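Engineer: Pasting a predicted model and its sequence here:
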Amino acid sequence: MREAGIGRVLVASLHQGIADILPTRLGFYENWLSAEGLREGTIGVAPLYAVLSFLRQEGDAYQIITTRAGEYAAEWTVQSMSPLQRTLLKTTPEWMRRRLVLRLARQVVRSSYRGSRAISRLRRGMASVDVRASIFCTVRERVPHPLCGFYAAAFTRLLLLFNLSARTEVVACRGTGEATCMLKVALLKGRQTEHVVGSGVDTTPSVLASER
């Protein structure tokens with residue numbers, strides 16, 4: 001991670017999301033997400049802001065790309081763990097596993113952008129996650145829909161990778177004028193796992209799988 005604080009996994013996941021959904025536009029975005037920057041982890045805040053600004057002008061593709069990126073970030077974070085770490089986490093009792101995976105989710109927020117952090121509280125199967133200084137939600141003017149679906153997708157996929165079903169919903173977003181970004185994570189038993197961002201775009205894993 002470079003001094004500016006942009007994590008390599010965030011940049012790489014956005015790059016892959018753009019390649020998946022807008023392949024004909026990838027060359028344009030590589031003006032900021034350069035191959036050298038991806039390899040060396042030297043993408044700064046200003047280039048990332050430029051990428052996110054242009055993505056917001058792509059319509060529904062913004063939400064689909066950032067959702068896909070959140071899922072990639074979760075998967076690559078788990079892959080970077082040692083096999084022993086993954087096995088131990090998967091075999092812990094469910095009540096403990098929930099707390100440990102939420103801790104891992106907070107680490108994903110921090111490693112994506114060093115200026116961000118997440119505070120989570122878990123009670124009776126419902127977690128509230130307060131994401132401070134979301135890199136996605138720093139905008140000059142308010143937007144009509146939440147911009148932090150990346151985190152909802154990342155949290156949901158992390159839980160799923162450790163055999164925990166969840167429904168994650170963005171209930172407040174700095175991009176829409178709220179003081180912070182707040183997510184609610186309902187930990188489920190035997191029900192469909194999904195993440196909802198309030199944009200009207202269906203971003204459940206089953207839909208994304210059909211697009212891949």
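Structural biologist: That came through fine.

Engineer: and the residue sitting furthest away from the middle of the chain, how far is that from Asp60?
Structural biologist: Here the chain reaches farthest from its C-alpha mean at Pro93, the gap being 25.6 Å by C-alpha atoms, centre = their mean. Distance, Pro93 to Asp60, by C-beta to C-beta, to the nearest Å: 40 Å. For glycine as for every other residue, the C-beta is placed from the backbone atoms N, C-alpha and C.

Engineer: What distance do you get for the residue farthest from the centre of the chain to Asn163?
Structural biologist: Distance of Pro93 to Asn163, computed by C-beta to C-beta: 12 Å.

Engineer: same question, Ile18
Structural biologist: 30 Å.

Engineer: what about these two, which has more around it?
Structural biologist: Each of Ile18 and Asn163 had its neighbours counted (other C-beta atoms under 10 Å), and the higher figure belongs to Ile18 (24 against 12).

Engineer: Check the secondary structure at the more buried one for me.
Structural biologist: Reduced to three states with DSSP: H, G, I helix; E, B strand; the rest coil, the structure at Ile18 is helix.

Engineer: what do you get for Ala12?
Structural biologist: Criterion first, three-state DSSP; result for Ala12: helix.

Engineer: for it, what are its contacts?
Structural biologist: Neighbouring residues of Ala12 by C-beta atoms under 8 Å, 6 or more residues apart in numbering: 38, 72, 76.

Engineer: got a markdown table for these, with distance to Val129 too?
Structural biologist: Putting these into a markdown table (distance: C-beta to C-beta, whole Å) gives the following:
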| residue | distance to Val129 |
| --- | --- |
| Leu38 | 28 |
| Tyr72 | 19 |
| Trp76 | 20 |
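
Engineer: Pull out the buried residues from the residues you listed.
Structural biologist: Neighbour-count burial (16 or more other C-beta atoms under 10 Å) applied to those gives 38, 72.

Engineer: Show me the shaky parts of this structure.
Structural biologist: 1-4, 190-194, 197-212 (pLDDT under 70).

Engineer: Can you give the contact residues for stretch 174-184?
Structural biologist: Contacts to stretch 174-184, defined as C-beta under 8 Å, 6+ apart, come from residues 126-132, 134, 136-139, 142-148, 151-152, 155, 168-173.

Engineer: End to end on that stretch, go ahead and measure it.
Structural biologist: 15 Å (C-alpha to C-alpha, to the nearest Å).

Engineer: Identify each buried residue in that stretch, please.
Structural biologist: Applying 16+ other C-beta under 10 Å to stretch 174-184 flags 174-176, 181-184 as buried.

Engineer: Let me see the contact set for the closest residue to Val11 other than its chain neighbours.
Structural biologist: Distances taken as C-beta to C-beta, 6 or more residues apart in numbering put Ile43 closest to Val11, at 4.7 Å, once the chain neighbours are dropped. Applying C-beta under 8 Å, 6+ apart to Ile43 gives the contacts 2, 6, 11, 32-34, 37.

Engineer: Just the buried subset of these, written out for PyMOL, thanks.
Structural biologist: Those of the contacts of Ile43 that count as buried under 16+ other C-beta under 10 Å are selected in PyMOL with:
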select buried, resi 6+11+32+33+34+37
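
Engineer: Thank you, goodbye.
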